[in-house]
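Colleague: Fold the stuff below for me.
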Amino acid sequence: PPADQIMTRLNDGMSYKQYMDLYTVSYNYCTSSRMNSGGINETLGAGSGRSGANLMGADLYKHLSQYFVAHLKQVRTEAQDLSDEPLLRYYTREWDRYTTGASYVNRLFTYLNRHWVKREKDEGRKNVYHVYILALVSWKNEFYAGLQSGSGNKLTTAVLKLIEKQRQGETIETDLVKKVIDSFVALGLDEADTNRQNLDVYRSAFEVPFLAATEAFYSSESEQYLAANSVTEYMKKADARLGEEENRVDLYLHASTRKGLVSKCEEVLVKNHAELMQEEFQRVRPPSRPRRCLTPFSRSDLADAPTAFPLPLARRSQLLDQEQEPDLQRMYLLLSRIPSGLDPLRERFETHVKKAGLDSVERAVGAAAAGGVSASANGTPAPGGDEVKPSKEVKDKADAAAAGGVEPKAYVDSLLAVHRRNNELVGKAFRGDQGFVASLDRVRLLSLSCSTSSFLSALSAPARRERRDHNDRNGTRLTPSPSPAGLPRVRQPQQGVRVA
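Modeller: Got it, this is the predicted structure:
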């Protein structure tokens, strides 16, 4: 029949005159008043009061449906022994030819769609479609269902195998995957409204098994990769894989899959290994020697640190202490994808800043104490004779080191330097994240509020003894003087009292 030429030999071409002749035949057949319906009245359940034109429309619709079924049975027979890529090539080739031909046939029977099909649908008759939708329903029932029947799901299996090859680095024909997936979307027909997209076929035939295969693939790969590589290298791999999967959606998946696919990949690649990444953010190493803390917040404020990091009796290493901005930024972007993924990092970052401030002040105190000892040494008697008097500048430095341990300006400057360095780190590596900014601000306020008391309490026992000996040599005795609550009391000299 002429419809067969359009459906199977469209490449042979058809003249405009031939096409118009076929359209005229279809129109005349639908408008014919001939009453011999050939049993269509009974087949479609038509009432006895229907006109001859209605019956002829039903007859034409029936023959079209029978033609589609017969054609697709032949297509299905030729695909029985095919699998994997050969099956996909055959399926996509036949799909292109079938849907293109069906669109031409649909226009050829415009009058049938506009009048008979519309009237039948308006009267509530089921299983009556426009000609193009009828062709899709026939494809779904006669060809697609046959390929997907049983536990084999040959079509879905072939698509998933091709996608796995691409994930393993092989080059594939992405057009094959895209056309098959597009057919799944097209076959989702809404009985109530055929113009509305229905993704039931796509989800059941492809999306559900695809997400399951994705989880299995990346679970295996991530475990094997971590066993052979460092966490920082794994983060690079995970970041690249997440980008690949988002690009995959743009290449050939339906847009609705993006959310589920990204969520599944984040769960497998990031959430399942979040603890390892958080550990790499600031990993504990055994201390080489115990360290003595000199500032008021060195112990009490670090008491709330995570139990896995018993600071300050441990020396830390890895990304945060080494300030490896690219890796820190990559970790931040990965962990920000999962709920509460950044919370442990913010806590450890706050602890890190406190510890950095402590170390900075400790270095300043140590440098001042060393300067004081050196200055005192300059005032001892020289061998064989008179006492060498130190200069006024040296004497003042010695007195400052002995009395206070460190000058206030040096103390504050050391804390501000720590704050500036970590503020830059927050801006670059953590993209100005408000959680990290808040952690940094909490440490800054704590440090500034404790600056005075930290300065006074930094006076060590050797420095106090040195100060007492210095005043005893000058004939003064120290007596306690009142001090604010919570601060060490500094003793003032009483003039005129000499030590025997």
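
Colleague: Residue 28: how many residues sit nearby?
Modeller: Using other Cβ atoms under 10 Å, residue 28 has 11 neighbouring residues. To be clear about C-beta, it is placed using only N, CA and C from the backbone, and glycine gets the same treatment.

Colleague: scratch that, residue 23 is what I was asking about
Modeller: Neighbours of residue 23 (other Cβ under 10 Å): 15.

Colleague: Does it lie in a helix or a strand, and which?
Modeller: Using DSSP states H and E, residue 23 sits within helix 16-31.

Colleague: contact partners of that helix?
Modeller: Identification of contacts with helix 16-31 by Cβ atoms under 8 Å, 6 or more residues apart in numbering yields 2, 53, 56-57, 60, 108-112, 115-116.

Colleague: In that helix, which residues have enough neighbours to count as buried?
Modeller: Applying a neighbour-count criterion of 16 or more other Cβ atoms under 10 Å, the buried positions in helix 16-31 are 22, 26-27, 29-30.

Colleague: Tell me where the stretch 101-250 of the chain has helices.
Modeller: Applying DSSP state H, counting those that start in this stretch to the stretch 101-250 of the chain gives helices spanning 110-111, 118-122, 131-139, 145-148, 154-167, 174-186, 200-202, 208-228, 231-252.

Colleague: buried sites along the longest one?
Modeller: Yep, that's helix 231-252 we're talking about. Buried positions in helix 231-252, judged by neighbour count with 16+ other Cβ under 10 Å: 231-232, 234-235, 238-239, 241-242, 245, 248-249, 252.

Colleague: Residue 342 versus the closest residue to residue 229 other than its chain neighbours, what's the distance?
Modeller: Nearest residue to residue 229, sequence neighbours excluded (Cβ to Cβ, 6 or more residues apart in numbering): residue 237, at 7.6 Å. With distances taken as Cβ to Cβ, to the nearest Å, residue 237 is found 21 Å from residue 342.

Colleague: CA atoms of the helix holding residue 23 as CSV?
Modeller: The C-alpha trace of helix 16-31 is given here as CSV (Å, rounded to 0.1, in the frame of the first residue of the first chain):
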residue,chain,number,x,y,z
TYR,A,16,4.2,16.2,-4.6
LYS,A,17,1.5,14.9,-7.1
GLN,A,18,1.7,11.4,-5.6
TYR,A,19,1.4,12.8,-2.1
MET,A,20,-1.6,15.0,-2.9
ASP,A,21,-3.3,12.0,-4.7
LEU,A,22,-2.9,9.9,-1.6
TYR,A,23,-4.3,12.8,0.6
THR,A,24,-7.3,13.1,-1.7
VAL,A,25,-8.0,9.4,-1.6
SER,A,26,-7.9,9.5,2.2
TYR,A,27,-10.2,12.5,2.3
ASN,A,28,-12.7,10.9,-0.1
TYR,A,29,-12.7,7.6,1.8
CYS,A,30,-13.4,9.4,5.1
THR,A,31,-16.3,11.4,3.7
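
Colleague: Go ahead and confirm residue 166 touches residue 160.
Modeller: No. Using Cβ atoms under 8 Å as the test, residue 166 is too far from residue 160 to be in contact (10.8 Å).

Colleague: where does this structure dip in pLDDT?
Modeller: Under the criterion pLDDT under 70, the flagged ranges of the chain are 1-2, 33-55, 150-151, 191-192, 194, 283-318, 320-323, 368-408, 444-500.

Colleague: Okay, the nearest residue to residue 251 once chain neighbours are set aside and residue 221: tell me how far apart.
Modeller: Excluding its sequence neighbours, the residue lying closest to residue 251 (Cβ to Cβ, 6+ apart) is residue 174, at 5.5 Å. Using Cβ to Cβ, residue 174 is found at 21 Å from residue 221.

Colleague: Kindly reformat the buried residues of helix 16-31 as JSON lines and extend each row with distance to residue 204.
Modeller: Shown next, in JSON lines, are these (distance: Cβ to Cβ, whole Å):
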{"residue": "22", "distance to residue 204": "38"}
{"residue": "26", "distance to residue 204": "36"}
{"residue": "27", "distance to residue 204": "40"}
{"residue": "29", "distance to residue 204": "39"}
{"residue": "30", "distance to residue 204": "37"}
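
Colleague: what's the closest of these to residue 140?
Modeller: Distance to residue 140, by Cβ to Cβ, is smallest for residue 26 among the buried residues of helix 16-31, at 24.8 Å.

Colleague: Pull out the buried members of the contacts of helix 16-31.
Modeller: 53, 56-57, 60, 108-109, 111-112, 115-116.

Colleague: could the residues you listed be laid out in CSV, adding distance to residue 80?
Modeller: Converted to CSV, the buried ones among the contacts of helix 16-31 look like this (distance: Cβ to Cβ, whole Å):
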residue, distance to residue 80
53, 42
56, 38
57, 36
60, 32
108, 31
109, 31
111, 38
112, 34
115, 40
116, 36
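
Colleague: Pick out the most distant pair among the residues you listed.
Modeller: Counting by Cβ to Cβ, the most remote pair of the buried ones among the contacts of helix 16-31 is 53 and 108, 18.3 Å apart.

Colleague: Output the contacting helices and strands for the strand or helix carrying residue 350.
Modeller: Element membership of residue 350 [criterion: DSSP H and E] is helix 343-377. Applying 3 or more Cβ pairs under 8 Å, 6 or more residues apart in numbering; DSSP states H and E, one finds that helix 343-377 contacts helix 274-281, helix 319-322, helix 325-335, helix 392-404, helix 408-429, helix 434-449, helix 461-473.

Colleague: how about the fifth one as CSV, C-alpha atoms only?
Modeller: Translated: helix 408-429. What follows is helix 408-429, C-alpha atoms only, in CSV (Å, rounded to 0.1, in the frame of the first residue of the first chain):
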residue,chain,number,x,y,z
PRO,A,408,52.3,44.5,74.1
LYS,A,409,52.8,45.7,70.5
ALA,A,410,54.7,42.5,69.6
TYR,A,411,52.0,40.4,71.2
VAL,A,412,49.2,42.1,69.3
ASP,A,413,51.1,42.2,66.0
SER,A,414,51.7,38.4,66.3
LEU,A,415,48.0,37.8,66.7
LEU,A,416,47.0,40.1,63.8
ALA,A,417,49.5,38.4,61.5
VAL,A,418,47.8,35.1,62.3
HIS,A,419,44.4,36.6,61.6
ARG,A,420,45.5,38.2,58.3
ARG,A,421,47.0,35.0,57.0
ASN,A,422,43.9,32.9,57.9
ASN,A,423,41.6,35.5,56.6
GLU,A,424,43.3,35.3,53.2
LEU,A,425,42.9,31.5,53.4
VAL,A,426,39.2,31.8,54.1
GLY,A,427,38.7,34.1,51.1
LYS,A,428,40.7,32.0,48.6
ALA,A,429,40.3,28.3,49.7
